[in-house]
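Visitor: Sequence below, structure please.
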Amino acid sequence: MKRFLQVLLLLTLGAALAFAGGSGQASTQAAAPETISVGGSTSVTPLMELFEEEYTRLNPNVTITISGTGSGDGITGSASGIYDIGMSSRELRPAEIGTGLTPLVVAIDGIAVIINNNSPISNLSIDQVRDIYTGVITRWEELGAAANGKTGGIAVISREPGSGTRGAFQEILEFTDANLISNVIILDGTGAIRSAVSQNPDAIGYISSGSVDNSVRALNIEGASPSVANIRNGSYRIARPFILITRTGVAPTPAASAFLDWVMGSQGQAIVARSWVSVN
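Guide: I've put the predicted structure just below:
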């Protein structure tokens, strides 16, 4: 009897150790690494970087690579499969959607018209901004009272062809490339325009309202600042969507699908609401 109890005790201890070893092994098993490639609009990039920072903190097995290369590249790159997710800061045209693309609006962004911090100008009308960009107005004093005493030639700065910000800006202000002032200064990317305006007291440019910092000043348009509240209620009229793009009929990878669900959920939209207008 005594020997039987000893054998039973040894069997029980062995089973317990095997169970502990097996459960310990399972608990240390890490999720498989996943990579999501994202590319496109430089205006959407700052928001995407905030998404990436928080999402990868919550999901350390996921790596998100981000290429800020312009909306045009985001559209073509997602269509060709170079990117799992493309970024665009303008509406997709019917012909682009027809190539097999599905747009997802994740935020609404104002396009801020920016000037140098030393400029005395504070408010312009939509018509005045259009007239500056189409060459009807070429000197600050031609703005009349809105010039607030400022004189001299206007250094007009715009984005490169294919930029989603440029496309949306021109569409909202109702002019085309053919109407753009001939001596316009063309720069690539949000940062380049912001830097150029910050260094030139005669400059005017436009960037995503979420990318305005203390190096430049955003003008009021028709009396409304490009605040989240004014973009939401429509009083600030120069606004456009931020869009993430996937391929129609081609299921996103499980990792990309889970990320998009998170972006549209409460945590992702809370990040949007920091500097942009959330859509959910």
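Visitor: From here on, just use CA atoms for contacts and neighbour counts.
Guide: OK.
Visitor: residue boundaries of the helices in this structure?
Guide: Here the chain has its helices, by DSSP state H, at 2-27, 45-58, 71-80, 94-97, 126-133, 164-173, 190-199, 228-233, 254-264, 266-272.
Visitor: Now the third one: buried residues?
Guide: Okay, so that is helix 71-80. 71-79 (16 or more other Cα atoms under 10 Å).
Visitor: next one: the fourth one
Guide: The neighbour-count criterion (16+ other Cα under 10 Å) identifies residue 97 as the buried residues of helix 94-97.
Visitor: who touches it?
Guide: 75, 103 (Cα atoms under 8 Å, 6 or more residues apart in numbering).
Visitor: how much does the top strand by length along the chain deviate in direction from helix 126-133?
Guide: Scanning the chain for the strand with the most residues, using DSSP state E, yields strand 101-115. Going by axes from the mean of the first three to the mean of the last three Cα atoms, to 10 degrees, strand 101-115 is angled at 90 degrees with respect to helix 126-133.
Visitor: Strand 101-115 pairs with which strands?
Guide: According to DSSP bridges, strand 101-115 forms sheet pairs with strand 203-208 (antiparallel), strand 217-218 (antiparallel), strand 239-247 (antiparallel), strand 277-278 (antiparallel).
Visitor: Check the offset of that strand from the chain's centre.
Guide: Counting by Cα atoms, centre = their mean, to the nearest Å, strand 101-115 is centred 7 Å from the centre of its parent chain.
Visitor: Alpha carbons only: can I get that strand in CSV?
Guide: Written as CSV, here are the backbone C-alpha positions of strand 101-115 (Å, rounded to 0.1, in the frame of the first residue of the first chain):
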residue,chain,number,x,y,z
LEU,A,101,-9.8,51.1,-55.8
THR,A,102,-11.9,51.5,-52.7
PRO,A,103,-11.6,54.8,-50.8
LEU,A,104,-12.2,55.0,-47.1
VAL,A,105,-12.6,58.5,-45.6
VAL,A,106,-11.0,58.5,-42.2
ALA,A,107,-10.9,62.3,-41.4
ILE,A,108,-11.8,65.7,-42.6
ASP,A,109,-9.0,68.3,-42.9
GLY,A,110,-9.0,72.0,-43.4
ILE,A,111,-6.5,73.5,-45.9
ALA,A,112,-5.0,76.4,-44.1
VAL,A,113,-3.9,79.5,-46.1
ILE,A,114,-0.6,80.4,-44.4
ILE,A,115,1.5,83.6,-44.2
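Visitor: Quickly, which of the helices of the chain bottoms out on average pLDDT?
Guide: Among the helices of the chain, helix 2-27 carries the lowest mean pLDDT, at a mean of 39.
Visitor: How many residues are close by residue 144?
Guide: As a burial measure, residue 144 scores 10 neighbours (other Cα atoms under 10 Å).
Visitor: Pick the most buried one from the helices of the chain.
Guide: Among the helices of the chain, helix 71-80 has the highest mean neighbour count (mean count of other Cα atoms under 10 Å), at a mean of 23.
Visitor: So what touches that helix?
Guide: 39-42, 83-90, 96, 99-101, 162-164, 245-247.
Visitor: Contacts only, for residue 64.
Guide: Counting by Cα under 8 Å, 6+ apart, residue 64 has contacts 35-38, 52, 56.
Visitor: can you check residue 217 too?
Guide: Residue 217 neighbours (Cα under 8 Å, 6+ apart): 114-117.
Visitor: Same check on residue 210?
Guide: By Cα under 8 Å, 6+ apart, the neighbours of residue 210 are 109-110, 275-276.
Visitor: give me that answer again for 10 Å
Guide: For residue 210, the contact set (Cα atoms under 10 Å, 6 or more residues apart in numbering) comprises 43-44, 46-47, 109-112, 226-228, 272, 274-277.
Visitor: buried subset of those?
Guide: 43-44, 46-47, 109-112, 226-228, 272, 275-277.
Visitor: coming back round to it: let me have the contacts of residue 217 in TSV, extended by distance to residue 254.
Guide: Listed next are those as TSV, based on distance: Cα to Cα, whole Å:
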residue	distance to residue 254
114	40
115	44
116	45
117	46
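Visitor: ok, of those residues, which one's closest to residue 138?
Guide: residue 115 (15.1 Å; Cα to Cα).
Visitor: What is the burial count for that closest one?
Guide: There are 27 residues near residue 115, going by other Cα under 10 Å.
Visitor: Quick check: it touching residue 214?
Guide: No: using Cα atoms under 10 Å, residue 115 makes no contact with residue 214, being 11.3 Å away.
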